[in-house]
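J.: With the input below, show me the fold.
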Amino acid sequence: MTPEVSHILAECRQANPNHHLWNNNGTWWFHCTVHRPDYTKERLRWSLETGDLREARARRDERLLQLAQRHDLQLSIRSGRASRGRESAMAQAA
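T.: Now for the predicted structure:
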């Protein structure tokens, strides 16, 4: 794992340990956006096939590492700090 990938994953885990995860009726799913060299992007989603949050986080990290090692893709990862600011602004507007 490169230092850059390691830093990105650590930042995501620290900002929001459940980043890129959502629970759909008891099963955890992974989702992210990748950018391709031809300037297209794609949202990827996979069932992590587990209801256990700890296991889902481990499987998410495996997927992120696999994607980060691909040279034809660039991950789009935003830290949780930006989304918290958006949620805060929305709460103040309400």
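J.: so Thr64 sits right up against Cys32, yeah?
T.: Not quite, residue 64 is Leu, not Thr. Yes. The pair Leu64 and Cys32 qualifies as a contact (C-beta atoms under 8 Å) at a distance of 7.3 Å. For the C-beta atoms, the positions are set from N, CA and C on the backbone; glycine is no exception.
J.: Mind naming the longest strand for this structure?
T.: strand 27-35 (DSSP state E).
J.: Beyond that one, next helix or strand please.
T.: strand 41-47 (DSSP states H and E).
J.: Which strands and helices lie in contact with the helix or strand following that next one?
T.: Once the chain leaves strand 41-47, the next helix or strand it forms, by DSSP H and E, is helix 53-68. Under the contact criterion of 3 or more C-beta pairs under 8 Å, 6 or more residues apart in numbering; DSSP states H and E, helix 53-68 touches helix 3-15, strand 21-24, strand 27-35, strand 74-76.
J.: Apply 7 Å and report the result again.
T.: With contacts defined as 3 or more C-beta pairs under 7 Å, 6 or more residues apart in numbering; DSSP states H and E, the packing partners of helix 53-68 are helix 3-15, strand 27-35.
J.: Dump that helix to CSV, keeping only the CA atoms.
T.: Taking C-alpha atoms only, helix 53-68 is exported to CSV below (Å, rounded to 0.1, in the frame of the first residue of the first chain):
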residue,chain,number,x,y,z
LEU,A,53,-20.5,-3.7,11.1
ARG,A,54,-17.0,-4.6,12.0
GLU,A,55,-16.8,-7.2,9.2
ALA,A,56,-18.4,-4.6,6.8
ARG,A,57,-15.6,-2.1,7.6
ALA,A,58,-12.9,-4.7,7.0
ARG,A,59,-14.5,-5.7,3.6
ARG,A,60,-14.9,-2.1,2.6
ASP,A,61,-11.2,-1.5,3.3
GLU,A,62,-10.3,-4.5,1.2
ARG,A,63,-12.4,-3.1,-1.7
LEU,A,64,-10.8,0.4,-1.3
LEU,A,65,-7.3,-1.1,-1.4
GLN,A,66,-8.2,-3.1,-4.5
LEU,A,67,-9.5,0.0,-6.3
ALA,A,68,-6.6,2.2,-5.2
